[in-house]
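>>> sequence and predicted structure below; questions after.
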Amino acid sequence: MINKTILVLLAIVMLIPLYFLATKSLTDMAGVMIMPPTILPARPSLDNYAFFLKYIKASWIYNTVIIAVGTALTSVTVATAAGYAFAFFKFPLKKVIWLLLLSGIMIPRLSVMIPRFVVMRKLLLLDTLYGLILSQTLSPSGMYLARAYFQTVPGSFLDAARIDGASEIQILSKIIIPISKPIVTCLALFASVGALGNYVWQSLVLQRRENATMLLGLLRTVALDQWGNPEMTLNPLGRKFASSMILIVPLLTIFFVASRYFTSSLGGAIKE
Amino acid sequence: MKYLLLAPAVILCVIFTLWPMAEVVSMSMQKMHILGDTFVGLKNYARLLTDRAFLQSLLNSLWYTALAIPMQIGLALVITMSATGLSKRWQDTTRFVFFIPTMAAGIIIASVWEWIFHRDGPVNWLMGTKFDFFTQSITAIPAISIVNAVSGIGAMVIMLLASTLTVNRELYDAARIDGATDRQIKWRIVLPIIMPMVWICVLLTAIGAPQVIEYVIALAPYQHSATVAFNIYTEAFILGRYGPAAAKAMILLVWMVALAWGKTRITREA
């Protein structure tokens, strides 16, 4: 009983910021700063959201979807193909190539970010959506998970398919990926959620206003100094809350829908 | 055929990891001009020794690490130990609920933390003060550590709970017959068994702390609260000094790879 009480109390503490984010985004300036904070919005108002309705550009939504779907597709394709090759084939220098491919796990984000930015500039990939997608396609932990999962598939299974005349691509797409659905879903979600949330990298790569994602677009609109000064507000916090809510709600929806895949595969992903 | 399967991963790795890593090594030994780059050897590294902002960010990062480890590991262990022995449904819900803050992490949640630590916000209201938390190291670093802990423990809970499932059930029964209480079983029997995983979590926390950047950007983008990551970011992308920034990036790399290497050793033993 005491265990359950501890869990429930801690859960409330951890989730309360989200709760206040939701309710405070629906109040006017005076409502935001009422202390003690009220459970329901004290002075309800939709102004914070109405502001964004005016400034959201359709291209931001389009770009966000393209990046989410694009990164998921490319990342899963690359990770499963490589994972398959490493799980079932022998080739020279296999171990060295594997370690090089995985080296990305150890390299801190900020150490590789500066030279990657320089490389992207040389390759003319800056300020393009496909540049952003390609730079985040390779997922070392995804490859690792895919290989580990594929190794549980018995080799005789594949030999049978080969005898029946299936090509390697067919084996991968018709046998391996269907039976690896949990891991493939999980990799796709990691890839798109990771790409969508990577604020620092997005803000470096995507510069023009029409290339922005929802994340960049909303944050830059809130930070009035960028892209001109759309409309001053007496309630800057409320406006920030609304932008946070617009960004968080879709993420949490994806998480709720896919949670059964997420949490089960996650342990292994982080451990590596 | 097998090479065709491998090719995309290898090409991407070369373009986006190996080439940049070679580039950062050479950048760290160059001075960049408009007219071209000159080789300056280890000068960029030598100058870091007198770069006060960088030295402070190193010290801050140690503080962030020192605060993050007890906070995150302590919380994650309390949650894990409370959930062990409960039904599968409770455990699944625990994993799920404590991962929600991890999904809604980073710059998108920073606004509500700005409010929580605002001088007219709930924390000040509870303490009866009017304090600006983010204006000095001594309060900004703990505040950001708390924010980071809330979004970081979800993953640790999942890993630790998974490792408690490997504990042999017979051990529980044997201990219970010998008269051990629920609490003794958890902290004296289960904890020692999952200790390798706890150490992995400690190292993951130590790897994460100096790399905290989005909360620093959003809440306290100042020298007094900078992590190494934030200092590198400022040097390169705000001040545009790529050479020194690359040298700093190399220092961070060595630091993180050392910790990651330690983690791999534990993973292998576990």
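Great, that's in hand.
>>> how about stretch B:40-59, does it reach chain A?
No. Figure legend: stretch B:40-59 not in contact with chain A (CB under 8 Å from any CB of the partner chain); closest approach 11.2 Å. No exception for glycine: its C-beta is placed from N, CA and C like everyone else's.
>>> tell me which residues touch the spatially most central residue of chain A, please.
For chain A, A:V193 is the residue whose C-alpha lies nearest the centre (CA atoms, centre = their mean; 1.3 Å). Contacts for A:V193 (CB atoms under 8 Å, 6 or more residues apart in numbering or on different chains) come out as A:251, A:254-255, B:103.
>>> report the buried residues of stretch A:65-80.
A:66-68, A:70-72, A:74-80 (16 or more other CB atoms under 10 Å in any protein chain shown).
>>> so which of these reach chain B?
For chain B, the contacts drawn from these by CB under 8 Å from any CB are A:77-79.
>>> with respect to chain B, which of these is nearest?
A:V78 (4.6 Å; CB to the nearest CB).
>>> spit out the contact partners of that closest one.
Contact analysis of A:V78 by CB under 8 Å, 6+ apart lists A:137-139, A:143, B:8-9, B:12.
>>> for B:P221, same thing?
So B:P221 contacts B:F230 (CB under 8 Å, 6+ apart).
>>> narrow the ones next to chain B among the buried residues of stretch A:65-80 to those in strands?
If you go by DSSP state E, those have nothing in strands.
>>> among the residues you listed, which lie within helices?
The helices, defined by DSSP state H, take in A:77-79 from these.
>>> what segments of chain B are strands?
Going by DSSP E, chain B shows strands at B:30-32, B:37-39.
>>> quick one: distance of the first one to the chain centre.
Taking CA atoms, centre = their mean, to the nearest Å, the mean C-alpha location of strand B:30-32 is offset from the chain mean by 31 Å.
>>> so that strand, near chain A or not?
No. Residues of strand B:30-32 are not located near chain A by CB under 8 Å from any CB, the shortest gap being 9.9 Å.
>>> now do the domain split for chain A, please.
A:1-45, A:56-271 (automatic domain parsing).
>>> chain B too?
B:1-41, B:51-269.
>>> if you skip the residues just before and after it, what's nearest to the residue nearest in space to the middle of chain B?
Geometric centre of chain B, nearest residue: B:G208, 1.6 Å, by CA atoms, centre = their mean. In space, and not counting its chain neighbours, B:G208 is closest to B:G152: 6.5 Å by CB to CB, 6 or more residues apart in numbering or on different chains.
>>> what's the neighbour count on the one you found?
Per other CB atoms under 10 Å in any protein chain shown, the neighbour tally for B:G152 reads 24.
>>> adding mean neighbour count, write the strands of chain B out as a markdown table.
Converted to a markdown table, those look like this (neighbours: other CB atoms under 10 Å in any protein chain shown):
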| stretch | mean neighbour count |
| --- | --- |
| strand B:30-32 | 18 |
| strand B:37-39 | 11 |
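>>> do you know the pLDDT at the residue nearest to the centre of chain B?
On the pLDDT scale, B:G208 is placed at 94.
>>> go on, the one 5 residues further on?
The confidence metric pLDDT takes the value 95 at B:I213.
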